[in-house]
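*Asks:* Test case, fold it:
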Amino acid sequence: MKQRILTVFLAFTAAFFLYLPASAQDSVHVSLQKAIEIALSENPTVKIADRTIEAKKYYKQEQIAALFPTLTGTGSYQRTVKKQTMVMSMGGQATEIEVGTSNNVSAGLNLSLPLVAAPTWYNLKLSQLDVEAAVESARSSRISLVNEIKKAYYGLLFAQDSYRVLQVTYANAEYTAKNINDKYEQGLASDFDKLRADVQVKNQKPQLTSAENSIQLATMMLKVLIGVDVNEPIIFDGQLSDFEDEMNSYQIADAQSISLVANSDLRQLELTQEQLNTSLKLVKASACPTLAFSGNAQYSAMSNDFNFTWFPYAVVGLSLNVPILSWVGTSYKIKQSKISIANLEEQKKYVENNLRVSVNNSLTNMRNAIEDMTSNKETMLQAEAAYNIVQKQFDVGMATWLDLNSAELALTQSRLLYHQSIYNFLTAKSELEAVTGAEK
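*Replies:* Model (predicted):
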């Protein structure tokens, strides 16, 4: 019995040190919350979303600038190559006169200020909505990223726990095979028993290899999600049993009491609806009159040589632009916009119904996982007790190898199902948090 305990201990130790890098002191221990923090600062998707918000803000500033006065400077110089000739009758005689000067210079300033320009105001409103849409899209990316990280983290913990279970099963199979080999040498076991025990050990090896590969793959996927190099020496802390207390204390809420106000998909649809409503107002405003103030100040000079005499000129005024026949095309644009708004309203109802289904599904999965975990834990404890009894009976020759193998199989399955139920709860809870708009 002591030898079996030592073998199991060594199996756990090997499973632990297997995932330590060659230079353990250089490894970084990362918890789930730390992994989320790293991802929100290092993941390329989040960085791109933040840059998109910045670009939209610059576009908004560009639209605001359209409300300010515009001032432009002008200047020109013209050299007359051949002056225009005019013929005038003076005293009954035709006289040719050259008109103009050899050098013509002008310089001035033009000022324009929109006073009544409804389309510009609605364009500014649309640019503000674009910024809000970009912010919400970035928030959606963060929610999706956090959800993916949580599920990847739980998947890694599940793979590690499964490996530990298989490692212990392998250690038990090795111990049993050694025990049978000792009995075989003493003439207390048959060739068939010895062969069967050796085959059982070899059958466990591929499962261990597969579980080990699953851990490596899950680790690399998690590193990619949080935005670090796959070769970075990181140890992800925790195991699924750490969340058992959370499951026991978790209160399953009623599906109808869960609010979807913070759901990112619905928020983006609401922003799109506001954009369509504003676009409709913009279409109507484009057929309305516009009023602008303008001013012009100019100096000009003309001379055959470069001895100029400057003459000032200035004028201010109001410019009114009244569309007359534009409403013909505008009416059709208005109808198109109204159809788009109606379609979006239907899409919003459809999305909300699907989200309600997703909420119900997550709550059902969580409820079932809690019940399964309670049952599986009790089954696991019973299987452990049964295996220990059969193991002792086998050691003294009161139980067969088939009895021991059946007890070990039941114990392995109960342990895997126990961890599976916790994993199912955590993934369902993560999906629920994503649907309700939780960012962390």
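
*Asks:* What is the host helix or strand of residue 371 packed up against?
*Replies:* In this structure, residue 371 sits in helix 327-395 according to DSSP states H and E. Applying 3 or more CB pairs under 8 Å, 6 or more residues apart in numbering; DSSP states H and E, we find helix 327-395 packed against helix 118-185, helix 244-249, helix 264-285, helix 401-435. No exception for glycine: its C-beta is placed from N, CA and C like everyone else's.

*Asks:* redo that, cut-off 10 Å
*Replies:* helix 2-17, helix 118-185, helix 244-249, helix 264-285, helix 401-435 (3 or more CB pairs under 10 Å, 6 or more residues apart in numbering; DSSP states H and E).

*Asks:* Nearest residue to the middle of the protein?
*Replies:* residue 141 (2.3 Å; CA atoms, centre = their mean).

*Asks:* Do I have it right that that residue meets residue 49?
*Replies:* Yes. Applying CB atoms under 10 Å as the test, residue 141 and residue 49 come out as touching, 4.8 Å apart.

*Asks:* related to what we said a few turns ago, quick one, which of the helices and strands packed on helix 327-395 gets closest to residue 257.
*Replies:* Residue 257 lies closest to helix 401-435 among the helices and strands packed on helix 327-395, at 12.7 Å (CB to CB).

*Asks:* Show me what that closest one is packed against.
*Replies:* Judged by 3+ CB pairs under 10 Å, 6+ apart, the packing partners of helix 401-435 are helix 118-185, helix 191-226, helix 244-249, helix 264-285, helix 327-395.

*Asks:* gap between the third one and the chain center?
*Replies:* This points to helix 244-249. Taking CA atoms, centre = their mean, to the nearest Å, one finds the center of helix 244-249 at 28 Å from the center of the full chain.

*Asks:* Mind giving me the packing neighbours of it?
*Replies:* Using 3+ CB pairs under 10 Å, 6+ apart, helix 244-249 is in contact with helix 327-395, helix 401-435.

*Asks:* the inter-axis angle of the longest one versus helix 264-285?
*Replies:* Helix 327-395 runs at 180 degrees relative to helix 264-285, counting by axes from the mean of the first three to the mean of the last three CA atoms, to 10 degrees.

*Asks:* tilt between helix 327-395 and helix 118-185?
*Replies:* Taking the same axes, to 10 degrees, one finds helix 327-395 and helix 118-185 inclined to each other by 10 degrees.

*Asks:* Ok, the last one next?
*Replies:* Between helix 401-435 and helix 118-185, the angle formed by their directions is 170 degrees, by the same axes, to 10 degrees.

*Asks:* average model confidence for helix 401-435?
*Replies:* For helix 401-435, mean pLDDT rounds to 92.

*Asks:* Show me which residues of that helix are buried.
*Replies:* Of the residues in helix 401-435, 401, 403-405, 407-408, 410-412, 414-435 count as buried by neighbour count, 16 or more other CB atoms under 10 Å.
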